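K.L.:
For reference, the sequence and a predicted model appear below.
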Amino acid sequence: MCRTALALLLFTVACVPASAPPAVVPAVDHHQHLLSPAGAALVNRILPPVGLPEPLASLLSARVTAWNNAAALRDLYTEDALVLGPESPGWIRGRDDVAKMLSSVFARAYDLLPTSYRIEGSSAFIAGYLTRNAGTVVRPIGYFFVDLQQRADGAWQIAAETPIIPGPHQEPVVTAEDLIALLDAAGIARAVVLSDAYYFDAPDLPAGLADVAAVRAENDWTAEQVARYPGRLVAICSVNPLAAYAVGEVDRCANSGRFDGLKLHFDTSAVDLLNPDHVQKVRLVAAAANRGRLPLIIHARMGGASGREHALVLLNEIITAAPDVVTQIAHLWGGQAFSEPALSAYAEAVEAEHPATRRLYFDVAQMWNASDEDLKRAVALMRRIGIKRMLYASDGPQFGGVPPAEAWQRFRARVPLTDHELGAIAGNVAPYL
């Protein structure tokens, strides 16, 4: 009987499945963003409306009023009018079919907000947004373009119309609380939060929007949000390094004691590393960061420029101005499309023990977007640089990005690293933490 009981026990134990090893998750996401109310208002801004000459204004007003009235719509279009519909075959031709389709496709009234127009003889166009009001806020729900023709009696009619819905995408505010929820869903304990202050002094902003006060306010908002989760989030300030007040803002951030680094985004700030004047200004900012013990996180690519010569300027001119702090190259090769020449230059510098590489690290934010072939070449260069220098990062879910949990899954699935290398990168923690 004892043998029977023992056999039964052994059989039972053998049939219990072994528990799966815990899933590997990153310890830190080294490249994350929030989006403040001010930042959302900035990136979600739409073109301002324009006033239309009376004949065009009257036609557009009639088009809005008749949005669900086929008979009234019919009179606004030419006999052979062409309009883009929502279903196959897409294009609808002829005023009767156009009026029937347009009067039935929308569930609620909407407005047409013109932002551009042109009149050339008997032809004209109007372009703008389809909008609805949300309280006191005008919310765009799509785009429109109408091509107009003038009849012999002087009246204007719509010859072609192209509505595009939905659009434009509106980015929601992302607070520290929101980010913590995303990190929790991914099982990630900590994140490095990069301020978006560099949005507010970008050179391509319309006149009046670039403002040092807005830059400072954005940095402060980021610090205040991050301070709600000590031990889990750290704040990185940012500034356009070409701005006259850049060094002063870096000093202010360092002296506040609320920031653990400085983010520089060369693309948004239009920094040209082959322009000696730009390089000198960035050197002064890097030196200020070094003086304030603020590590540098650099989105090094400017537009399509991210070649070997740019990487060498960064190594020889910029990083050497901040020898006592960590430099983290964002997006592995510096940002945007894969740049093998830039990443090769960094690998060669590491192998040659270039002084700039003593505290040089790389985050892998969004590198999984590259092609399979580019990822193979990138991984070969990562191994030359050293996996110990690779910091896991995802970038924020805004602007077409994905939440941290999905970003980690895509990184694991697409980047051809070994399980050991994936585990090493997941466990790497930047020295500034």
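P.N.:
Now that the structure is in, tell me what you want to look at.
K.L.:
just for the stretch 1-150 of the chain, where's the confidence low?
P.N.:
1-22 (pLDDT under 70).
K.L.:
90 - rerun?
P.N.:
Judged against pLDDT under 90, the low-scoring parts of the stretch 1-150 of the chain cover residues 1-23, 43-46, 86-89, 133-139.
K.L.:
cool, the stretch 201-350 of the chain as well?
P.N.:
Residues of the stretch 201-350 of the chain that meet the criterion pLDDT under 90 lie in 203-211, 301-307, 335-337.
K.L.:
just the strands in it please.
P.N.:
Using DSSP state E, counting those that start in this stretch, the strands found in the stretch 201-350 of the chain span residues 233-238, 262-265, 296-299, 327-329.
K.L.:
What separation is there between Leu205 and Lys376?
P.N.:
39 Å (Cβ to Cβ, to the nearest Å). From N, CA and C alone the C-beta is placed, and that goes for glycine too.
K.L.:
who has more neighbours, those two?
P.N.:
Neighbour tally, Leu205 and Lys376, criterion other Cβ atoms under 10 Å: the higher count belongs to Leu205, 16 against 12.
K.L.:
Now that one, what are its backbone angles?
P.N.:
According to degrees, to the nearest 10, the main-chain angles of Leu205 amount to phi -70, psi 150.
K.L.:
Use 25 as the first number from now on
P.N.:
Shifting the count to begin at 25 puts that one at Leu229.
K.L.:
Please report the distance of it from Leu286.
P.N.:
For Leu229, the distance to Leu286 under the criterion Cβ to Cβ works out to 21 Å.
K.L.:
just Ser146 next, same as before
P.N.:
When Cβ to Cβ is the yardstick, Ser146 and Leu286 sit 58 Å from each other.
K.L.:
More neighbours: the two, which one.
P.N.:
Set Ser146 next to Leu286 and count neighbours by other Cβ under 10 Å: Leu286 wins out with 30 against 12.
K.L.:
Distance across stretch 187-206, terminal residue to terminal residue?
P.N.:
Taking Cα to Cα, to the nearest Å, the span from the opening residue of stretch 187-206 to its closing residue is 35 Å.
K.L.:
Domain-wise, how is this structure divided?
P.N.:
When the chain is parsed into structural domains using automatic domain parsing, the resulting residue ranges are 78-188, 200-451.
K.L.:
so who does the residue nearest to Tyr456 when sequence neighbours are not counted touch?
P.N.:
Nearest in space to Tyr456, with sequence neighbours left out and distances taken as Cβ to Cβ, 6 or more residues apart in numbering, is Pro319 at 4.2 Å. By Cβ atoms under 8 Å, 6 or more residues apart in numbering, Pro319 lies in contact with 284-286, 313, 349-352, 454, 456.
K.L.:
Can you give me the neighbour number for the spatially closest residue to Gly331 that is not a sequence neighbour?
P.N.:
With Cβ to Cβ, 6+ apart as the measure, Pro365 is the residue that lies nearest to Gly331, at 4.7 Å, once sequence neighbours are left out. Pro365 has 13 neighbouring residues, counting by other Cβ under 10 Å.
K.L.:
surely Pro365 meets Arg325?
P.N.:
No. Contact between Pro365 and Arg325 fails when scored by Cβ atoms under 8 Å: they sit 11.7 Å apart.
K.L.:
would you say Thr102 is within a strand?
P.N.:
Yes. Using DSSP: H, G, I helix; E, B strand; the rest coil, the secondary structure at Thr102 is a strand.
K.L.:
Looks like it contacts Asp171 (just checking).
P.N.:
No. In this structure, Thr102 sits apart from Asp171 without contact. The criterion is Cβ under 8 Å, and the distance is 9.6 Å.
K.L.:
overlap in contacts of these two?
P.N.:
With Cβ under 8 Å, 6+ apart applied, the overlap between the contact sets of Thr102 and Asp171 consists of 182-183.
K.L.:
Could you list the residues in contact with stretch 431-438?
P.N.:
Applying Cβ under 8 Å, 6+ apart, the contact partners of stretch 431-438 are 49-50, 210, 212, 388, 390-392, 396, 399, 416, 418-419, 425-426, 446.
K.L.:
One more pass at 7 Å, please.
P.N.:
Residues from elsewhere that reach stretch 431-438, judged by Cβ atoms under 7 Å, 6 or more residues apart in numbering: 49-50, 210, 388, 392, 399, 418, 426, 446.
K.L.:
Would you mind giving those as CSV with distance to Arg382 and secondary structure added?
P.N.:
Rendered in CSV, the data for those read as follows (distance: Cβ to Cβ, whole Å; DSSP: H, G, I helix; E, B strand; the rest coil):
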residue, distance to Arg382, secondary structure
Val49, 30, coil
Pro50, 25, coil
Ala210, 32, helix
Val388, 21, coil
Trp392, 29, helix
Leu399, 28, helix
Ser418, 27, coil
Val426, 34, coil
Leu446, 26, helix
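K.L.:
Just give me the closest of these to Arg252.
P.N.:
For the contacts of stretch 431-438, the minimum distance to Arg252 (Cβ to Cβ) is 19.2 Å, reached by Ala210.
K.L.:
Need the pLDDT of the closest one.
P.N.:
At Ala210 the predicted local confidence, pLDDT, stands at 96.
K.L.:
Equivalent analysis for Val217, please.
P.N.:
The predicted local confidence for Val217 comes out at a pLDDT of 98.
K.L.:
what are the bridge partners for it, then?
P.N.:
For Val217, the residues forming beta bridges with it (DSSP bridges) are Gln56, Ala259.
K.L.:
Run through the helices of the stretch 25-174 of the chain in chain order.
P.N.:
When assigned using DSSP state H, counting those that start in this stretch, the helices of the stretch 25-174 of the chain occupy the ranges 26-39, 61-67, 78-89, 94-98, 119-129.
K.L.:
Nearest approach to Gly272 belongs to which of those?
P.N.:
Across the helices of the stretch 25-174 of the chain (criterion: Cβ to Cβ), the nearest stretch is helix 61-67, sitting at 20.5 Å.
K.L.:
Need the contact partners of the closest one.
P.N.:
195-197, 220, 223-224, 238, 241-242.
K.L.:
Repeat the analysis, applying 8 Å as the threshold.
P.N.:
Residues outside helix 61-67 that contact it (Cβ under 8 Å, 6+ apart): 59, 194-197, 220, 223-224, 233, 238, 241-242, 245, 423.
K.L.:
Could you pull out the buried residues of it?
P.N.:
Buried residues in helix 61-67, defined by neighbour count with 16 or more other Cβ atoms under 10 Å: 62-64, 66.
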